[in-house]
Structures are given as structure tokens and as C-alpha cells.
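Trainee: Below: sequence and its predicted model.
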Amino acid sequence: MRWPTATRFTPSSRALPSTTTARTRLREARGRVSEEPLAGAIVAFDQAVVALVGQGGGGGRGGGRGRGGGAGAQTTFRSINGELMTLFSLLEDADGEPTTQAMTAIRGVQREFADLQARWSRLRTTDLAALNAKLRAAGQQPIVIDP
């Protein structure tokens, strides 16, 4: 059975290459900058990207899940992907209709994903505009992050 939620999370997987490209561009910009306040702003932006992506190797189960399971751990693209892999595997293996618990879990992941998308969008627009203004003021090229 094809689950309609599966298509809604595809952007989660597509966002990972975009964040990798963003981090590469940030490292390049950092290498061109010697002024500490600007270098610190680049590093802070990079750390914000890492907070969205999650640490670790990514892809597959276990690597880079992004959440330690502790209270207050933030959702990341990698943790969402890991949760989805688990949920969809359970749904595919089930003989019948999804249980109430499975549907509740899916709705929870949908909410987390919507929040994650909003954070990524804000970072790519508002926060990046502020960083680019600092770069331009220092005579540096702005950073472009594809959606």
C-alpha cells in the first residue's frame, strides 16, 4: 500500500544535499574571512545548519539520527529520516490497516517535519540575509543556498 505521508517527507531527504552544499559554501567563505566578528557569524550560521541536519554519518539506520532520545533533543533532518524509515518499515510489514498508535506516530512526525521545514526556511531566508549583509559590508561575496 502507498502511504500518502511518504510523499510529504520526500523534501526531508532532498534537504540533506542542500545543507551539505550550504556547509561547503560556508567553509569557503570562512576561509576568505580574517575579521573575527564576521568569521564568528559564519561559524554560528554553520552551527545552525548542523543543528537542523544532525551530527553524524547520516543515511541508514543509526548513523546521524540527530536525537539522543533525551528530553528536549531537537528534531533534525536525519532524525526525521530515521523515524520515517522505521515507521514505514512497520507499516509495510503489517498485515492489516495501521494501528491507532502508528497513525499517531505518523501525525507526530508530520508536525515535527513541518516545524523543521519552517526552521530551515527561516535560516535560508532571514538568517542568511543577515549574514550576507555582513559579508557584503566586509567586501565579501554573499552565500547562496538553494532551497
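Mentor: Yep, that arrived. None of these values were measured; they are calculated from a predicted model.
Trainee: quick one: low-confidence ranges for the chain?
Mentor: Low-confidence segments of the chain (pLDDT under 70): 1-14, 56-72.
Trainee: Would you state the helices of this protein in chain order?
Mentor: 4-8, 10-32, 36-53, 77-93, 100-122, 128-137 (DSSP state H).
Trainee: How far off centre is the third one?
Mentor: I take that to be helix 36-53. Remark: helix 36-53 is offset 14 Å from the chain centroid, using CA atoms, centre = their mean, to the nearest Å.
Trainee: buried stuff in that helix?
Mentor: For helix 36-53, the neighbour count (16 or more other CB atoms under 10 Å) marks 38, 41-42, 45-46, 48-49, 52-53 as buried. Just so you know, the C-beta spots here come from the backbone N, C-alpha and C atoms, and that holds for glycine as well.
Trainee: Check the fifth one too.
Mentor: Within helix 100-122, the residues that qualify as buried are 105-106, 109, 112-113, 116-117, 119-120, counting by 16+ other CB under 10 Å.
Trainee: And the fourth one, by the same measure?
Mentor: Within helix 77-93, the residues that count as buried by 16+ other CB under 10 Å are 77-84, 87, 91.
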